[in-house]
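Student: Take this sequence and fold it.
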Amino acid sequence: MVRSRREWQAVLSIVLTAVTATLSCSSQPGLVLTDQVEARRLASDMRVQFTMAADAANRAVMADTDDTSKAAAEEAVKSREAVERDGHALEPLLKRLGYASDLQSLDEFSEQFAEYKKLSDETLTLAVENTNLKAQRLSFTTGQKAVDDFRAALDKLPPMARATERSRVQALSAQAVANALTIQVIEARHIAESDDQAMTKMEDRMAIADRDARRALADLQPLVPKGGSALTDANTALNQLKTVNDQIVQLSRRNTNVRSLALALGQLHTLRAKCEAALQALSDSLSRHEFKATK
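Tutor: Now for the predicted structure:
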C-alpha cells in the first residue's frame, strides 16, 4: 500500500518519539547515579569546609599576634566561601533528583549559616584588632619601663637628704612608688575587664593614684634640695606612665579581644552547633537514598 507523504511524516514522528523516550529511559539511571555521587561529595565537602572555617575563626580569636590573627581570619573567610560554593552547586542537584527532605535540610543549614556568617564577620573584625593584647604589651613594656625609671629616680633621693629628713624622704618615695605600682596593677585588671562601669571605677582609682604620686613628689621637693635632677627624672617617668596609661585605657576600652572571645564562646558557638546539626541531617538524608546504577 502506498502511503502519502503526510502519513510517512506521522509515522516518522511516532518512531522518533519512541526512540527518544527509549534513550531517555536507558540513560536516566546513569545520570541519577552521577548526581547522587556528586551530591554526597558536595555535602561531605560542606561539612569539612565548615569545620575548617569554624576552627580558623577560633584560632583568629585566640591568636597572640596581629599577623597570626589576620591569617587565621582570612582562612576562615576562604573556607566559608567554599561552603557557599558547595551549597549553591548542591541545590540544583537535589532538585533534579527530587529529594525534598534533603532540600529542606539544605535550606535549614543555609538559614543558620547566614546568621553564623554575619556573627563570624563581627567576631573576626574584633579579633584582628587585638586591642586588649596591644594594651597588655604596652603595660608590660613601655609602662613597665616608666615604673622602673620612676623607682630608680626616687631611690637616689634618700642618700641626698639630711639625716633628720631621711626617714621622711624614704616614706614619701615609697608612697610615690606604691601609687605608681597601683596604677600598673589596676591596668592589668582594666585590660581584662568587660564591664564599662567597672572600668570607669578603675580609671578613677588610677587617677587618684597618679594624683597622690605627684603630691608625694611635690612634698619631696623642699626636703631634698640637692635632688633636683632626680626629681626631674621622677616627674618625667611619671608623665610617661600617665601617657602610656591613657593609651592603655583607650585600647582596653575597645575591648576587642574580650568581646571577640565572648562571641566565640557564646553566640557563635551556639550557631556553629546548629549549622553542624543541619549538615548532619543533610548527610543522613542523602545516605538513605539507594544508588541507582545502570544495568
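
Student: Can you check the pLDDT for residue 12?
Tutor: pLDDT, residue 12: 41.

Student: do the same with residue 286
Tutor: 90.

Student: swap in residue 224?
Tutor: At residue 224, the model reports a pLDDT of 88.

Student: quick one: it from residue 212, how far?
Tutor: 19 Å (C-beta to C-beta, to the nearest Å). (Glycine included, C-beta is placed from N, CA and C.)

Student: Of these two, give the one with the bigger neighbour count.
Tutor: Higher neighbour count among residue 224 and residue 212: residue 224, with 23 against 16, using other C-beta atoms under 10 Å.

Student: From residue 159, how far out is that one?
Tutor: Residue 224 is 10 Å from residue 159, where distance means C-beta to C-beta.

Student: How about residue 85?
Tutor: Relative to residue 159, residue 85 is positioned 74 Å away (C-beta to C-beta).

Student: Over to residue 119?
Tutor: From residue 119 to residue 159 the distance is 61 Å (C-beta to C-beta).

Student: Could you check which of those two has the larger neighbour count?
Tutor: residue 119 (19 against 12).

Student: Now do the same contact list for the more buried one.
Tutor: With contact taken as C-beta atoms under 8 Å, 6 or more residues apart in numbering, residue 119 is in contact with 263, 267, 268, 271.

Student: Filter those residues down to just the ones in helices.
Tutor: Among the contacts of residue 119, the ones falling in helices (DSSP state H) are 263, 267, 268, 271.

Student: pretty sure residue 170 is touching residue 159, no?
Tutor: No - when contacts are counted by C-beta atoms under 8 Å, residue 170 is not listed as touching residue 159 (10.2 Å).

Student: Now stretch 34-42: buried residues?
Tutor: By neighbour count with 16 or more other C-beta atoms under 10 Å, stretch 34-42 contains the buried residues 35, 36, 39, 40, 42.

Student: All set, thanks.
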